[in-house]
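Chemist: Based on what follows, work out the 3D shape:
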Amino acid sequence: MSSTLIHGLYLLGVLTLAACSGSVASPVPTRHASPGPSAPSLPAPSATSSPHPGGPPASIDPAPVTTVPTNPPTPGGANFDQPWALTPLTDVSTGEQFRIADLAASGKVVFIEPMAIWCANCRAQQIAAVAAFEELDPATVEWVAIDIESAETADALVRYREQNGFPFRYVIADSALSRALVDQFGDVVLSPPSVNVIILGMDGRITHLLGHHDSADLVALAVDHAR
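Modeler: So this is what the prediction gives:
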């Protein structure tokens, strides 16, 4: 067999095999697009810039917060409903009737001193109170001296007040008032030399103190018990 015939048969076999299995296309070179001009970059909006011309700012600083007191002060003073605070009392010098609760409700710090004419400690405490009240606004403070000595009379208490030049309210305690004071403050409240001082604050506090307090102490106590 000649070489020409052999070469022809070889080509025929290759063509027959390609027809049966499918021909594979020759690869086509990939064409890459050339880069075009880049789009201009835009600056990011600032905190106060507007996304639309003439529109509102993108962000607005928050408005300042105003703190409102949870318990704003109310006009007037505190209300007290203890029996000794609601008992009608009579000023021995003027005959005026009043209640301790009403003095407190009018917006005053009220000092109460159970006392006796014969008690030198009580007199010394009232002298200190006079000096303290000279430094305080009389419209915001009151001193009530309650004579708890059953043997002493209203006339004797008037003379005691005038002789010492005391400007305070003086009253005679009856048995019901004395019992009411003992119920809350104990038996010591009926011991004048112990110098009991009871303070009714404008915030509703009741403070019971024993022993002498000088004028500076009383001023500080009055300020502390006021609003």
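
Chemist: Now do Ala132 against Pro114, distance only.
Modeler: For Ala132, the distance to Pro114 (CB to CB, to the nearest Å) stands at 18 Å. The C-beta positions use only the backbone N, C-alpha and C, and glycine is treated the same way.

Chemist: Compare these two and say which is more crowded by neighbours.
Modeler: Of the pair Ala132 and Pro114, Pro114 is the one with more neighbours under other CB atoms under 10 Å, namely 28 against 22.

Chemist: what sits up against the helix or strand containing the more buried one?
Modeler: Using DSSP states H and E, Pro114 falls within strand 109-115. Residues from elsewhere that reach strand 109-115, judged by CB atoms under 8 Å, 6 or more residues apart in numbering: 100, 103-104, 122, 125-126, 129, 140-148, 173, 181, 189-190, 192, 195-202, 218, 222, 225-226.

Chemist: go with 7 Å
Modeler: 100, 103-104, 122, 125, 129, 140-148, 181, 189-190, 192, 196-202, 222, 225-226 (CB atoms under 7 Å, 6 or more residues apart in numbering).

Chemist: For this protein, which segments count as strands?
Modeler: For the chain, the strands defined by DSSP state E cover 89-90, 97-98, 109-115, 141-147, 169-172, 196-200, 206-210.

Chemist: and among those strands, the most buried is which?
Modeler: A comparison of these by mean neighbour count, using mean count of other CB atoms under 10 Å, puts strand 109-115 on top with a mean of 26.

Chemist: Please work out which helix or strand belonging to this protein has the smallest mean pLDDT.
Modeler: When each helix and strand of the chain is scored by mean pLDDT, DSSP states H and E, helix 3-21 comes last, with a mean of 46.

Chemist: any idea how far Ile198 lies from Gln184?
Modeler: Here Ile198 is placed at a distance of 9 Å from Gln184 (CB to CB).

Chemist: Kindly report the same for Gly201.
Modeler: Taken as CB to CB, the span from Gly201 to Gln184 is 15 Å.

Chemist: Which of these two has more residues huddled nearby?
Modeler: Gly201 (19 against 14).

Chemist: close enough to count as contact, that one and Val223?
Modeler: No. In this structure Gly201 lies outside contact range of Val223 using CB atoms under 7 Å: 10.7 Å.

Chemist: residues shared between the contacts of these two?
Modeler: Joint contacts of Gly201 and Val223 (CB under 7 Å, 6+ apart) do not exist.

Chemist: hey, C-alpha coordinates of stretch 187-201 in CSV?
Modeler: Only the C-alpha atoms of stretch 187-201 are listed here, as CSV (Å, rounded to 0.1, in the frame of the first residue of the first chain):
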residue,chain,number,x,y,z
ASP,A,187,-42.9,62.2,129.8
VAL,A,188,-39.8,64.3,129.5
VAL,A,189,-41.9,66.9,127.7
LEU,A,190,-43.4,67.8,131.0
SER,A,191,-40.0,68.4,132.6
PRO,A,192,-39.3,72.1,132.1
PRO,A,193,-35.7,72.1,133.2
SER,A,194,-34.9,69.6,130.4
VAL,A,195,-35.6,72.4,128.0
ASN,A,196,-37.7,70.7,125.4
VAL,A,197,-37.8,72.5,122.0
ILE,A,198,-40.1,71.1,119.3
ILE,A,199,-39.7,72.4,115.8
LEU,A,200,-42.4,72.1,113.0
GLY,A,201,-40.7,72.4,109.6
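
Chemist: For the remainder of this discussion, apply numbering that starts at 58.
Modeler: OK, 58 is where the count begins now, so the last one is stretch 244-258.
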